[in-house]
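> Here is my input; please provide its structure:
(one chain, ligands or ions: 2)
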Amino acid sequence: MQEYDAIVIGSGPAGEKGAATAAALGKRVAMIEKNTALGGASTNTGTLPSKTLRETALALTGMRARNLYGVDLSLRREANIRDVMYHETQVKARERARVLDNIRQRGVDLYAGAARFLDANTIETGRIQLRAEKILIATGSSPFRPPEFKFEDDRIHDSDELLEIESIPKSLAVIGAGVIGTEYACTFAALGCDVHLLDGRDSLLPFLDREISLALEKALSLDLRIQFHKNEMVKCCDSEQPGQIHLGCASGLKLSVDQVLVAAGRSSNTASLNLEAAGVTLGKRGIIPVNEQYQTNIPHIYAAGDVVGFPALSSTSAAQGRLAMGHAFGFLERSRMAALLPTGIYTIPEISMVGETEETLKAKSIEYLVGRANYSENARGQIIGDCKGFLKLLFRKSDLKLLGVHVIGELASELAHTGMMVMLADGGAELLERACFNYPTLGDLYETATHDVVLQCDLETRQSMQGD
Ligand SMILES: Cc1cc2nc3c(=O)[nH]c(=O)nc-3n(C[C@H](O)[C@H](O)[C@H](O)COP(=O)(O)OP(=O)(O)OC[C@H]3O[C@@H](n4cnc5c(N)ncnc54)[C@H](O)[C@@H]3O)c2cc1C
Ligand SMILES: NC(=O)c1ccc[n+]([C@@H]2O[C@H](COP(=O)([O-])OP(=O)(O)OC[C@H]3O[C@@H](n4cnc5c(N)ncnc54)[C@H](O)[C@@H]3O)[C@@H](O)[C@H]2O)c1
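Ligands and ions are numbered 1, 2, ... in the order given. The predicted structure follows:
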C-alpha cells in the first residue's frame, strides 16, 4: 500500500493542473492514467487534434489565402491523409511530452493503469493499492454512441475514431450539429469533402447570439457548401452493403454518403471506477454532481473537468482541477471559478463569445445598445483578407457597461479576450474609449464598435433635446 496526500485519476487538463497544484502546495501526489499517452482528450482525441486539423486544412487547401489573391486556391494542392495528419501527430507528441515534463518536474508519481475505488480512500490500479486523504476524479468523457449506428463498421466514426481514417471521404454525413459536429463539418468541407450536417434542432449552436448563429449558417452554406439539414433526427443508418451508407430521418429524408461521423454528445467516464465502493453518487450519463468547490457528496473526494458535465472545456477543466486541489489543501485564494467563461468555436469562420447575447438580455428585460465593427472596414481585416467577420458589443443602455462580446471571423477566440477583460473590470464604453489600440490590428475593432455606440447615444441625446 502506497500512501499519498492526494491521488489524481486522469492526466487531462483537470488532472494535470489538479496534480500540479497539489504538488506545488508541497503535497505527495500520485497520478493514475490508463492511457499510454498523457494529456487526455484535450491532447489526444479532442481539442488539439481538431484544432490542428482545422489549421492544416486551411493551409493545405490555400483557403485562408483566397481573398488575398482574388482567386480560388482551394484546389491548389491535392492533400492526402498523411499530409493532413502530419502536423496533428507532431502537435500531439509535443503536448504529451509537455504534460509528462510538468508532472515529473512537480515530483508527481505516475502510475500507468485504470483506477478503481476499493473504498473512499483506497484506489487500486493493477496490483498496486494507493491510499490518500484527498482524491480528485478527473477521468473526462467519451463520445456517446447511439445504438442505431454500427461503430464496428470502418465507415462509421465517433470523434475519437475519426482521427484514424485512412482516406478523406468524398462525402460525409455529420450527425449532430453541436460544437464537435459543426467544427469537423467545416474542416472536412475545407478539405474538399461533400458534407451533410444533420441535427434534430432548428438552429445552429442555439446558445450563440442569434445573429452570429445565422452568420455562421450562411458561411457554412455559401462558402463551404455544407448542406445543413435542421429539424432532422437521424433514425436509422443502413451500412449492410459495401459502398455507400444510407441514412433515414424521422421526416422521411434519406441520404447516401461514403462515411458518417456521429457527434451526438458525450458521456462521463465513471462506469469502471467502482464509485459505489466510495459512496460517490452519480447523475445522468454518468456525470458526477459537485458543489462550487468541486467536492462530491463525499467531501474529501473531488471531481473536475468533463466528468462533472457542463461546460466541459479544456480551459474550464484545468481551472476546476486547480480550484479543487487548492480547496482540498486549504489554498483558498482562488476558491471560485472565474465569473465569466468565454467560448471559442473553431468553425470556419471562427467564433467566440463572452457574457450575454441579445436573446438573454431581452429575456432579462435589460435595455441595451449594439456597437458593431466589420473586419472589412478594419485595416488588419483587409490585410488578412477577412471581409466578412465582425465584432458585436452589447452595452447596457443606462450606463454603457459592457455586457456581451461576440466575434465571428479570423482570430475571434483571441479577440474576445479584450472584451472579457473589460467586463471583468466592470468596465464599458468609457474604459474602451480611453484605450489606444495598435494599428493595424483587429483589436482596433473595439474602438470602432465603441465609437459606434457612443455616436448612437449622442444622436439619441440630440434628438431628445430637439424634442424638448
Ligand atoms: C473533438 C473535440 C474538440 C474539442 N475542442 C475543444 C476546444 O476547442 N476548446 C476546449 O476548451 N475544449 C474542447 N474540447 C473539450 C476538451 O477536450 C475537454 O473538455 C477536456 O479534454 C476535458 O478535460 P478532462 O481533464 O476533464 O478530461 P480528459 O481530457 O478527457 O482526460 C481524462 C483522462 O482520464 C483518463 N481516465 C479515464 N478513466 C480512467 C481510469 N479509470 N483510470 C485512469 N485514468 C482514467 C483518460 O484516459 C484521460 O486521459 C473538445 C473535445 C472534443 C472531443
Ligand atoms: N470549441 C469548443 O469549445 C469545443 C469544441 C468541441 C467540443 N467541445 C465540447 O464537447 C462537448 C460535446 O459536444 P457534442 O457536439 O458532441 O455534443 P452536443 O451535445 O453539444 O451536440 C450534440 C448534437 O447532436 C444532436 N443529435 C443527437 N442525436 C441526433 C440524431 N440522431 N440525429 C440528429 N441530431 C442528433 C443534438 O440535437 C445536439 O445538437 C461539448 O460539451 C463542448 O463543450 C467544445
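> what does the stretch 201-350 of the chain put close to ligand 2?
201, 233-234, 263-266, 311-313, 343-346 (Cβ under 6 Å from any ligand atom). Just so you know, the C-beta spots here come from the backbone N, C-alpha and C atoms, and that holds for glycine as well.
> can I assume Lys235 sits in a strand?
Yes. Assigned with DSSP: H, G, I helix; E, B strand; the rest coil, Lys235 falls within a strand.
> what's around the closest residue to it other than its chain neighbours, how many residues?
Spatial nearest neighbour of Lys235, chain neighbours left out: Ala250 (5.2 Å); criterion: Cβ to Cβ, 6 or more residues apart in numbering. Close neighbours of Ala250, defined as other Cβ atoms under 10 Å, add up to 12.
> got the contact list for Ala250?
With contacts defined as Cβ atoms under 8 Å, 6 or more residues apart in numbering, the neighbours of Ala250 are Glu232, Met233, Lys235.
> center of the chain - which residue?
For the chain, Leu313 is the residue whose C-alpha lies nearest the centre (Cα atoms, centre = their mean; 5.1 Å).
> how about the residue in the stretch 101-250 of the chain positioned nearest to ligand 2, what does it touch?
Relative to ligand 2, the nearest point of the stretch 101-250 of the chain is Gly178 (2.1 Å; Cβ to the nearest ligand atom). Counting by Cβ under 8 Å, 6+ apart, Gly178 touches Asp199, Leu205, Ala263, Ala264, Gly265.
> Quick one: list the elements packing against the longest strand that the chain contains.
When the chain is parsed with DSSP state E, its longest strand is strand 128-137. Judged by 3 or more Cβ pairs under 8 Å, 6 or more residues apart in numbering; DSSP states H and E, strand 128-137 is in contact with strand 2-9, helix 13-24, strand 29-33, strand 122-125, strand 301-303, helix 314-328.
> Ligand 2 contacts on the stretch 1-150 of the chain?
Proximity of the stretch 1-150 of the chain to ligand 2, by Cβ under 6 Å from any ligand atom, involves residues Pro146.
> okay, and for the stretch 1-150 of the chain, where does confidence drop off?
Scanning the stretch 1-150 of the chain for pLDDT under 70 picks out 65-80.
> Enumerate the residues of it near ligand 1.
9-15, 32-35, 40-42, 46-47, 50-51, 114-115, 138-140.
> And those residues, which of them are buried?
Neighbour-count burial (16 or more other Cβ atoms under 10 Å) applied to those gives 9-15, 32-35, 40-42, 46-47, 50-51, 115, 138-140.
> Count the neighbours of Ile165 for me.
By the criterion of other Cβ under 10 Å, Ile165 has 18 neighbours.
> what does Arg116 give?
Using other Cβ under 10 Å, Arg116 is surrounded by 17 other residues.
> give me phi/psi at it?
Note on Arg116: its backbone torsions stand at phi -140, psi 140 [degrees, to the nearest 10].
> Run through the residues that contact it.
Neighbour list for Arg116: Ile123, Glu124, Thr125, Ser272, Leu273, Asn274, Ala277 [criterion: Cβ under 8 Å, 6+ apart].
> Same list, these, but as CSV with neighbour count and distance to Asp194 please.
What follows is the contacts of Arg116, written out as CSV (neighbours: other Cβ atoms under 10 Å; distance: Cβ to Cβ, whole Å):
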residue, neighbour count, distance to Asp194
Ile123, 28, 48
Glu124, 17, 49
Thr125, 19, 46
Ser272, 11, 39
Leu273, 23, 42
Asn274, 16, 46
Ala277, 15, 50
